[in-house]
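Engineer: need a 3D model of the following:
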Amino acid sequence: MSRIGKKIIEIPKGVTVTFDGGIVKVKGPKGELQRALHPNMKIEMQDAQIEVKRPDDLKHNRALHGLTRALIQNMILGVNEEYKKDLDIVGVGYKVELKGTNLLMNMGYSHPIYFIPPAEIKIEATTPTHIVVSGIDKQLVGQVAAKIRSIRKPEPYKGKGIKYSNEQIVRKAGKTAGK
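Structural biologist: Model prediction:
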């Protein structure tokens, strides 16, 4: 049986979870999220606990079991406390600044890049070389952070580019002097 799928989800105080026709809605102090779940998964709610059950041991249902439980857990954590991704900018002349809610980036190209985030995402440029992406939807926060990182991925020789704060760049040896 799925180790993740069989765990019970605890609902913290201040968070309400409702199920309506295969759609789960989670409302908390930071906002509200909703998601459609696969119809094979059965969700049972008792007091302040949620349990996800599967109908049988088919491979497809086993895969959905842990996924469904993780999606509900991430929604509950998101509306209670926001998800954050930190990005660092490395390189001479590379910098970012906030223009309203949009991000203006000078990343060594011949033109500046304007990044317009989705409405649910909050972006902060704490310093010209540090960006914080935050929001209540874990998937959307990760997707926006990855999109920003893809503008100038870190290169392996000097490590220049946009990288996650906890990311380790594997460096390559450069050219050696000939002769």
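Engineer: now find how far off-centre stretch 75-87 is within its chain.
Structural biologist: Averaging C-alpha coordinates over stretch 75-87 and over its chain gives two centres that are 8 Å apart (Cα atoms, centre = their mean, to the nearest Å).
Engineer: which residues sit against it?
Structural biologist: With Cβ atoms under 8 Å, 6 or more residues apart in numbering as the contact definition, stretch 75-87 has outside contacts at 9, 11-12, 14-15, 17, 24, 26-33, 35, 130-138, 141-142, 144-145, 148-149, 162-166. Where you see a C-beta, it was placed from the backbone N, CA and C, and this is true even at glycine.
Engineer: of these, buried ones?
Structural biologist: When the contacts of stretch 75-87 are checked for burial by 16 or more other Cβ atoms under 10 Å, the buried set is 9, 11, 15, 17, 24, 26-28, 30, 33, 35, 131, 133-138, 141, 144-145, 148-149, 162-163.
Engineer: out of the residues you listed, list just those in strands.
Structural biologist: Using DSSP state E, the subset of those located in strands is 9, 17, 24, 26-28, 33, 35, 131, 133-135, 162-163.
Engineer: quick one: the longest helix along the chain to chain centroid distance?
Structural biologist: As far as residue count goes, and with DSSP state H defining each element, the longest helix of the chain is helix 59-80. Relative to its parent chain, helix 59-80 has a centroid offset of 14 Å by Cα atoms, centre = their mean.
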